[in-house]
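Visitor: here's my sequence, what's the structure:
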Amino acid sequence: FFSSFSRLLQTSRERTNMLSIWAILQILLLAEVFFTVILVMNVLLPIRKIVVKILRFCFLSKTTRLVTAIIAIILLFTFAYTYYQQSHLSQKFTEAEYRDADKELQLRVRVFREQRNMYLSGLTFFHGIFLWRLVQLYESVEETQKEILHEGDNNKKTPKREVKAE
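Guide: The predicted structure follows:
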């Protein structure tokens with residue numbers, strides 16, 4: 001049992017040398033959470049304005065919108081694929097009776113990894129949608145503020161006519 005566990009650790013150490021898609025997804029999710037915290041907190045207004053400009057560029061530019069759409073499609077695909085793999089492995093695990101602890105441990109580790117990857121890709125996708133909606137709300141607030149300021153400027157510039165009662 002201990003030799004199989006050490007082999008499992010050794011193969012996981014070998015995998016850490018390269019950057020996997022799941023590590024990239026985790027970094028993307030952490031960046032999204034960071035941007036959301038900056039946008040929601042009202043403490044750092046100059047930083048929030050910079051973050052809104054960056055996200056507005058990501059969601060409004062045609063090229064970056066295409067890249068964002070491709071990333072969203074890839075996230076949906078990875079979510080669906082890992083959901084399928086996880087359910088397939090879980091079904092295999094419940095159907096089979098294992099007498100070998102090494103094989104059972106390997107299957108449990110695979111199920112865990114697929115579940116982790118499924119949650120990671122799903123949360124990244126849905127958090128991206130949340131971030132996109134948050135940027136839209138900031139844009140509508142800015143447009144409303146500009147309209148209010150514009151109306152206030154127009155009211156100050158136009159002279160008020162006095163109506164004389166006859």
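Visitor: for Ser61, what are phi and psi?
Guide: Dihedral angles of Ser61 (phi, psi; degrees, to the nearest 10) stand at phi -70, psi 140.
Visitor: okay, now it: neighbour count?
Guide: Neighbours of Ser61 under the rule other CB atoms under 10 Å: 12. For the C-beta atoms, the positions are set from N, CA and C on the backbone; glycine is no exception.
Visitor: now it: how far from Tyr83?
Guide: 32 Å (CB to CB, to the nearest Å).
Visitor: list the contacts of the spatially most central residue of the chain.
Guide: Most central in the chain under CA atoms, centre = their mean is Thr124, positioned 3.2 Å from the mean C-alpha point. Applying CB atoms under 8 Å, 6 or more residues apart in numbering to Thr124 gives the contacts 25, 28-29, 32, 75.
Visitor: let's see it at 10 Å
Guide: Shown in contact with Thr124 (CB atoms under 10 Å, 6 or more residues apart in numbering): 24-33, 71-72, 75, 78-79.
Visitor: not counting sequence-adjacent ones, nearest residue to it?
Guide: Spatial nearest neighbour of Thr124, chain neighbours left out: Leu29 (4.5 Å); criterion: CB to CB, 6 or more residues apart in numbering.
Visitor: what's the helix or strand for that neighbour?
Guide: Assigning secondary structure by DSSP states H and E places Leu29 in helix 21-40.
Visitor: and the buried ones among the contacts of Thr124, selectable in PyMOL?
Guide: Remark: buried members of the contacts of Thr124, expressed as a PyMOL selection using 16 or more other CB atoms under 10 Å:
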select buried, resi 25+26+28+29+32+75+78+79
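Visitor: and the pLDDT for Asp100?
Guide: On pLDDT, Asp100 comes in at 74.
Visitor: phi and psi next, for it.
Guide: The phi and psi values for Asp100, taken as degrees, to the nearest 10, are phi -100, psi 120.
Visitor: so where is the chain shaky, pLDDT-wise?
Guide: Scanning the chain for pLDDT under 70 picks out the ranges 1-19, 43, 98, 155-166.
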